[in-house]
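Peer 1: Take a look and give me a structure for this.
(chains A and B)
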Amino acid sequence: ETGVTQTPRHLVMGMTNKKSLKCEQHLGHNAMYWYKQSAKKPLELMFVYNFKEQTENNSVPSRFSPECPNSSHLFLHLHTLQPEDSALYLCASSQDKALNEQFFGPGTRLTVL
Amino acid sequence: AQSVSQHNHHVILSEAASLELGCNYSYGGTVNLFWYVQYPGQHLQLLLKYFSGDPLVKGIKGFEAEFIKSKFSFNLRKPSVQWSDTAEYFCAVGSNYQLIWGAGTKLIIKP
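Peer 2: A predicted model of the protein is given here:
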């Protein structure tokens, strides 16, 4: 048990669907992250939240919309995705944004048809 | 742009062989350095980290890494690998409050 949980673990969706990924951390951390992991490519940081405030958005398309209602929960809302968005989406948390160890969830394997 | 390079995408070794995985980064300022590991079917977890002090860092499961500032390198080593070390290994470099990740090295240990 990592202390960071993600649901669902697998998701298949069509390009016109709307779905949401959920992340919850039980570690009392203040920073949360969304990453995209594609085969043979480095992890891509998508969004960073620190104390519920979004502090980084690495030029992510607007079809990905994050939400952080509190320090323990992070959502990624998905709308009109493309097949190239198929990947493993990882959530992570850390004590704060100051480059401490990040704790990762198991990821959501997303397939866009 | 800052980048992290891991030299090998795939490494295959026999049990008891010695391991060294390369990691080089391009950033001239102060950095924090990490190695993470992802075992099959499991989440990413921290193997070891370097923030300051002794450039030879020891991590879990007998792994160590050496920070060589002049070479912008942070290579991961283990003197004798086991079948259970089969996993994917990621180097990450932190600066300006972001982690920059390498593409990963898949390590397969033959029993």
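
Peer 1: for the chain, what are the low-confidence residue spans?
Peer 2: Let's take chain A. Residue ranges of chain A with pLDDT under 70: A:1-2, A:98-99.

Peer 1: That was the other one, I meant chain B.
Peer 2: Judged by pLDDT under 70, the stretches of chain B that qualify are B:1, B:96-97.

Peer 1: any chance you could map the helices in it?
Peer 2: In chain B, no segments count as helices under DSSP state H.

Peer 1: Of all residues in it, which one is nearest the centre?
Peer 2: B:Trp35 (3.9 Å; C-alpha atoms, centre = their mean).

Peer 1: do you know how far that residue is from A:His26?
Peer 2: 25 Å (C-beta to C-beta, to the nearest Å). Bear in mind the C-beta positions are built from the backbone N, C-alpha and C, glycine included.

Peer 1: wouldn't the residue nearest to the centre of chain B be in contact with B:Glu88 here?
Peer 2: No: applying C-beta atoms under 8 Å, one finds B:Trp35 not in contact with B:Glu88, separated by 11.3 Å.

Peer 1: And the strands in chain B?
Peer 2: Here chain B has its strands, by DSSP state E, at B:3-6, B:10-14, B:19-21, B:23-26, B:32-38, B:44-50, B:56-58, B:64-68, B:73-78, B:87-95, B:98-101, B:105-110.

Peer 1: Let's have the ones you listed in a markdown table, adding distance to chain A.
Peer 2: A markdown table is the format used below for the strands of chain B (distance: least, C-beta to the nearest C-beta, whole Å):
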| stretch | distance to chain A |
| --- | --- |
| strand B:3-6 | 7 |
| strand B:10-14 | 10 |
| strand B:19-21 | 15 |
| strand B:23-26 | 12 |
| strand B:32-38 | 5 |
| strand B:44-50 | 4 |
| strand B:56-58 | 13 |
| strand B:64-68 | 15 |
| strand B:73-78 | 14 |
| strand B:87-95 | 4 |
| strand B:98-101 | 4 |
| strand B:105-110 | 9 |
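
Peer 1: Rebuild the ones you listed as JSON lines, extending it with distance to A:Arg109.
Peer 2: Formatted as JSON lines, the strands of chain B follow (distance: least, C-beta to C-beta, whole Å):
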{"stretch": "strand B:3-6", "distance to A:Arg109": "23"}
{"stretch": "strand B:10-14", "distance to A:Arg109": "22"}
{"stretch": "strand B:19-21", "distance to A:Arg109": "26"}
{"stretch": "strand B:23-26", "distance to A:Arg109": "27"}
{"stretch": "strand B:32-38", "distance to A:Arg109": "14"}
{"stretch": "strand B:44-50", "distance to A:Arg109": "14"}
{"stretch": "strand B:56-58", "distance to A:Arg109": "32"}
{"stretch": "strand B:64-68", "distance to A:Arg109": "30"}
{"stretch": "strand B:73-78", "distance to A:Arg109": "27"}
{"stretch": "strand B:87-95", "distance to A:Arg109": "15"}
{"stretch": "strand B:98-101", "distance to A:Arg109": "19"}
{"stretch": "strand B:105-110", "distance to A:Arg109": "18"}
